[in-house]
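Q: give me a model of this one.
(one chain, ligands or ions: 2)
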Amino acid sequence: MKRILVTGGAGFIGSHLCERLLNEGNEVLCLDNFFTGSKQNIVHLLDNPYFEVIRHDITQSFYAEVEEIYNLACPASPIHYQYNPIKTIKTSVMGAINMLGLAKRIRAKILQASTSEVYGDPTIHPQTEDYWGNVNPIGKRSCYDEGKRCAESLFVNYNLQNDVNIRIARIFNTYGPRMSLNDGRVISNFIIQALKNEPITIFGEGKQTRSFQYIDDLVEALIRLMNSDDTNMDPINLGNPGEFTMLELARKIIELTGSASELSFHPLPENDPVQRQPDISKAKDFLDWEPRIDLEAGLKETIDYFKKELEK
Ligand code: NAD
Ligand code: UDP
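A: Ligands and ions are numbered 1, 2, ... in the order given. Down below sits the predicted model:
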């Protein structure tokens, strides 16, 4: 049994990770300020005596004795991270400093939930880890992108300077049950709109692409990354290489829900990346991992979840 700290543990990804770590017989401490996470995501875990929740903001320091830290705390949806951009930067940067300081002090391994957004609007395709990215440092997305880039720099330098044992996961668009109804990201928006037979909001012409990974595949990869001693501590892309335009995604969701929704077109948000697809060769080599759940199977699970949520 390991003692494991998960920041952002009441969020979409964090709650699945906490559940899996508990199921594997670990003791889990979940820190969350409940900005975008919710008690509902973790309520089924509260009876477990090996699960603890603390309302805490990671921009403030924290101390506990643990062996591993998964640093997930940070709003991930553009509408949420742009709501209070300064706070987003503080969460990424001060949060990383606080958690790395803790890892250094207690000699814990620490994993950072980084993002494909460090590549910005990429000029190479698919994206490999050695690509430095194309980020507008003063654009609407910069609070998130630059915050996460700074956090990566902090992780690497705590490793070089203080020998902290780090892992950096560059996570590509991930979806599944427990995304919040008001999350604002494309999959939850489209599914909810389709289930309500409301217009599907396509931003731009819908020709931009994304690669969508189902939550269970990501959780498996995060745990493998934390447990692997075979990494060179460089960032690793975690995503599903299947690439779809937003139009294709909308049509697939309309088909799977049997919806009568029409498409409605809206302006493209500033600096919206045109194309995104992970090269996951490194994850395959280092972690012996690749995603198993294709878009259709993952969407079916997610649609079932949102159906139940809307019936509540
Ligand atoms: P989410 O918004 O559902 O979860 C984030 C959690 O962090 C929430 O519970 C929120 O309340 C908490 N939080 C935010 N700021 C905090 C703070 N200052 N102190 C304590 N808790 C705080 O988002 P998610 O999709 O679960 O994302 C989790 C992590 O994974 C984030 O770091 C995100 O950047 C990263 N990520 C997610 C995706 C994705 O597609 N979901 C892609 C790339 C990276
Ligand atoms: N998008 C869309 N309609 C929506 C929400 C998002 O067309 O209702 C588009 C958005 O412009 C982007 C893609 O879907 O091109 C993915 O957006 P999301 O916010 O899910 O993630 P990110 O842009 O951070 O990858």
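
Q: could you pull out the strands for the stretch 51-200 of the chain?
A: Secondary structure of the stretch 51-200 of the chain (DSSP state E, counting those that start in this stretch): strands at 51-55, 68-71, 109-115, 166-171, 174-175, 200-203.

Q: export the longest one to CSV, keeping only CA atoms.
A: So the one you mean is strand 109-115. Below are the C-alpha coordinates for strand 109-115, written out as CSV (Å, rounded to 0.1, in the frame of the first residue of the first chain):
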residue,chain,number,x,y,z
LYS,A,109,7.9,11.0,-6.8
ILE,A,110,5.9,13.6,-8.6
LEU,A,111,3.9,13.6,-11.8
GLN,A,112,2.8,16.7,-13.6
ALA,A,113,-0.4,16.7,-15.7
SER,A,114,0.9,18.8,-18.6
THR,A,115,-0.9,19.2,-21.9
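
Q: what's the closest of the strands of the stretch 51-200 of the chain to residue 146?
A: Distance to residue 146, taken as CB to CB, is lowest for strand 109-115 among the strands of the stretch 51-200 of the chain, at 11.5 Å. No exception for glycine: its C-beta is placed from N, CA and C like everyone else's.

Q: enumerate every residue touching the closest residue in space to residue 120 that isn't next to it in sequence.
A: Leaving out its chain neighbours, the residue that sits closest to residue 120 by CB to CB, 6 or more residues apart in numbering is residue 135, at 3.5 Å. With contact taken as CB atoms under 8 Å, 6 or more residues apart in numbering, residue 135 is in contact with 117-121, 141-142, 145-146, 149.

Q: could those go into TSV alongside neighbour count?
A: Output for these, formatted as TSV (neighbours: other CB atoms under 10 Å):
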residue	neighbour count
117	26
118	23
119	26
120	23
121	19
141	21
142	20
145	26
146	22
149	23
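
Q: which of the residues you listed fall within helices?
A: 142, 145-146, 149 (DSSP state H).

Q: kindly reformat those residues as TSV containing distance to ligand 2 and pLDDT.
A: Output for the ones in helices among the contacts of residue 135, formatted as TSV (distance: CB to the nearest ligand atom, whole Å; pLDDT from 0 to 100):
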residue	distance to ligand 2	pLDDT
142	13	98
145	10	98
146	15	98
149	15	98
